[in-house]
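Novice: Following is a predicted model, sequence given first.
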Amino acid sequence: MKINDLAISWLLHSIKIILGDESIRRYIILNTIHYLKHTLKKDIRTFDPFVKKNKTRQDKYKIIEKYLDYVITLDDIVVFTATNVQQHENDNETHYQSFIVDNDNKKVYVIDPAFDKKQENYNGIYYAEVTHESIKPYFEAKGYNVSFIHLERPAQSTKNDVFCQTWSLLILLEILENNKYNEHNLEIKIPKLKIERYKKLFDFFNAIFINMPEFQ
């Protein structure tokens with residue numbers, strides 16, 4: 001690998017780490033969307049995939065569900081993110097999914113960057129495990145309607161695209177900025193060509209570093 005390619009690779013890796021961090025995601029959301037009512041650290045959460053030593057996946061689900069117990073006590077909308085929970089100690093896969101909880105109307109909107117409307121149950125190259133195994137059952141048991149935000153095509157179409165942390169945030173902000181999460185038949189446009197999709201990511205990175213230069 002050439003030095004320049006290596007530098008770019010590390011830069012992209014650093015950006016992925018930044019945009020996957022809970023406090024930074026919260027900061028970006030609050031500096032972009034100004035009408036959110038619930039803005040405390042305990043309100044806008046990002047749950048990582050890692051299971052602590054001597055704990056189980058079910059313990060991780062319980063932590064998420066304890067947070068959801070708090071979320072449903074609030075009014076208006078609440079946004080948060082969760083990743084698939086690791087299957088074993090050496091499982092480093094992360095698949096970020098973001099959520100918009102509309103408590104007033106008892107609806108939950110799921111943003112899965114790998115969402116594929118052509119596949120049964122809208123599963124793409126990654127299975128939205130934390131949604132299907134924890135978050136969706138929880139809210140449905142509480143009488144909420146849970147639905148996936150439709151993507152024109154998957155934002156992540158190959159395993160080489162590891163930017164789910166960025167796509168989940170980008171799509172969340174696009175929906176919130178236009179206040180269109182509850183639009184009937186909403187479908188988010190995703191560029192067809194891979195190079196165009198990456199340009200969309202680059203434009204998003206660029207906007208963040210221009211509008212919030214402290215990240216540099």
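Specialist: That came in fine, so what should we check first?
Novice: Could you use CA atoms for every contact and neighbour count after this?
Specialist: Noted.
Novice: Ala7 in helix, strand or coil?
Specialist: Counting by DSSP: H, G, I helix; E, B strand; the rest coil, the backbone at Ala7 sits in helix.
Novice: do the same with Phe80
Specialist: strand.
Novice: Restricting to C-alpha, output the least confident helix or strand in the chain by mean pLDDT in PDB.
Specialist: Within the chain, confidence by mean pLDDT, DSSP states H and E is lowest for helix 3-20 among all helices and strands, at a mean of 78. C-alpha atoms of helix 3-20 as PDB (Å, rounded to 0.1, in the frame of the first residue of the first chain):
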ATOM      1  CA  ILE A   3       2.000   6.000   1.800                       C
ATOM      2  CA  ASN A   4      -0.800   8.200   0.600                       C
ATOM      3  CA  ASP A   5      -3.300   5.300   0.500                       C
ATOM      4  CA  LEU A   6      -2.200   4.300   4.000                       C
ATOM      5  CA  ALA A   7      -2.800   7.900   5.300                       C
ATOM      6  CA  ILE A   8      -6.200   8.000   3.700                       C
ATOM      7  CA  SER A   9      -7.100   4.600   5.100                       C
ATOM      8  CA  TRP A  10      -6.200   5.800   8.600                       C
ATOM      9  CA  LEU A  11      -8.100   9.100   8.100                       C
ATOM     10  CA  LEU A  12     -11.200   7.200   7.200                       C
ATOM     11  CA  HIS A  13     -10.800   4.900  10.100                       C
ATOM     12  CA  SER A  14     -10.500   7.800  12.400                       C
ATOM     13  CA  ILE A  15     -13.600   9.400  11.000                       C
ATOM     14  CA  LYS A  16     -15.500   6.200  11.500                       C
ATOM     15  CA  ILE A  17     -14.400   6.000  15.100                       C
ATOM     16  CA  ILE A  18     -15.500   9.700  15.700                       C
ATOM     17  CA  LEU A  19     -18.900   9.200  14.100                       C
ATOM     18  CA  GLY A  20     -19.500   6.100  16.100                       C
END
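Novice: now that helix, how far from the centre of its chain.
Specialist: 20 Å (Cα atoms, centre = their mean, to the nearest Å).
Novice: Same check on stretch 170-187?
Specialist: 13 Å.
Novice: Between its first and last residues, how far does it reach?
Specialist: 14 Å (Cα to Cα, to the nearest Å).
Novice: What of stretch 149-164?
Specialist: End residues of stretch 149-164 are separated by 15 Å (Cα to Cα).
Novice: which of the residues in stretch 204-215 are buried?
Specialist: Neighbour-count burial for stretch 204-215, counted by 16 or more other Cα atoms under 10 Å, picks out 204-205, 208.
Novice: before we move on, the earlier item: can you pull out the residues in contact with the least confident helix or strand of the chain?
Specialist: For helix 3-20, contacts defined as Cα atoms under 8 Å, 6 or more residues apart in numbering pick out 24-25, 163, 165-166.
Novice: Farthest pair within the residues you listed?
Specialist: The distance between the two most remote of the contacts of helix 3-20 (Cα to Cα) is 15.7 Å, for Ile24 and Phe163.
Novice: Which residue of those two possesses the greater neighbour count?
Specialist: Phe163 (23 against 15; other Cα atoms under 10 Å).
Novice: ok, now which ones touch that one?
Specialist: 16, 156.
Novice: Over to Lys199?
Specialist: Per Cα under 8 Å, 6+ apart, neighbours of Lys199: none.
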